[in-house]
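1. I would like the atomic coordinates for the input below:
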Amino acid sequence: MKKNLLNSILDLEKEYEKKEIPNINVGDTVRVGLKIVEGKTERIQYYEGVVIGLKNSSIKKTILVRRIFQGFGMERIFAVHSPLITSIEIKRSAKVRRAKLYYLRKLSGKATRLKSKN
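-> Model prediction:
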């Protein structure tokens with residue numbers, strides 16, 4: 001009984017899984033296109049920042065993106081397979097030695113720069 005239920009859940013998740021997702025890693029600078037609905041109109045709002053956290057769990061995959069806006073650090077979690085995400089572009093990849101880059105929260109200015117991959 002439990003195996004049948006688990007298989008049916010996995011089959012249902014495969015229906016909604018996006019196929020054209022780039023290989024996102026921690027340290028990448030990404031540009032996420034998010035569909036915003038305001039009344040009857042729809043528009044795409046872009047959010048660009050550094051991926052500081054990543055959770056991989058099939059359809060529940062999320063990325064934590066940090067950006068600096070007017071001197072304040074803003075973080076936002078995106079569900080990668082959400083129908084509201086229209087596009088994800090990788091702008092730059094960085095060489096990092098940590099799985100989570102939470103230490104960037106304490107840094108500011110030039111100290112937040114990451115070394116790019118060769």
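
2. Which other helices and strands does the helix or strand where residue 54 lies contact?
-> Under the criterion DSSP states H and E, the helix or strand holding residue 54 is strand 41-55. Of the remaining helices and strands, those touching strand 41-55 by 3 or more CB pairs under 8 Å, 6 or more residues apart in numbering; DSSP states H and E are strand 29-38, strand 62-69, strand 72-79, strand 85-92. For the C-beta atoms, the positions are set from N, CA and C on the backbone; glycine is no exception.

3. between that strand and strand 29-38, how many degrees?
-> Between the direction of strand 41-55 and that of strand 29-38, the angle (axes from the mean of the first three to the mean of the last three CA atoms, to 10 degrees) works out to 140 degrees.

4. Run through the residues that contact the most centrally placed residue in the chain.
-> Taking CA atoms, centre = their mean as the criterion, residue 63 is the residue nearest the geometric centre of the chain, at 3.2 Å. Under the criterion of CB atoms under 8 Å, 6 or more residues apart in numbering, the neighbours of residue 63 are 24, 30, 51, 53, 54, 55, 77, 78, 80.

5. Could you list the residues in contact with the helix or strand of the chain with the lowest mean pLDDT?
-> For the chain, the helix or strand with the lowest mean confidence is helix 2-16, at a mean of 81 (criterion: mean pLDDT, DSSP states H and E). Taking contacts as CB under 8 Å, 6+ apart, the residues outside helix 2-16 that touch it are 58, 59, 81, 83.
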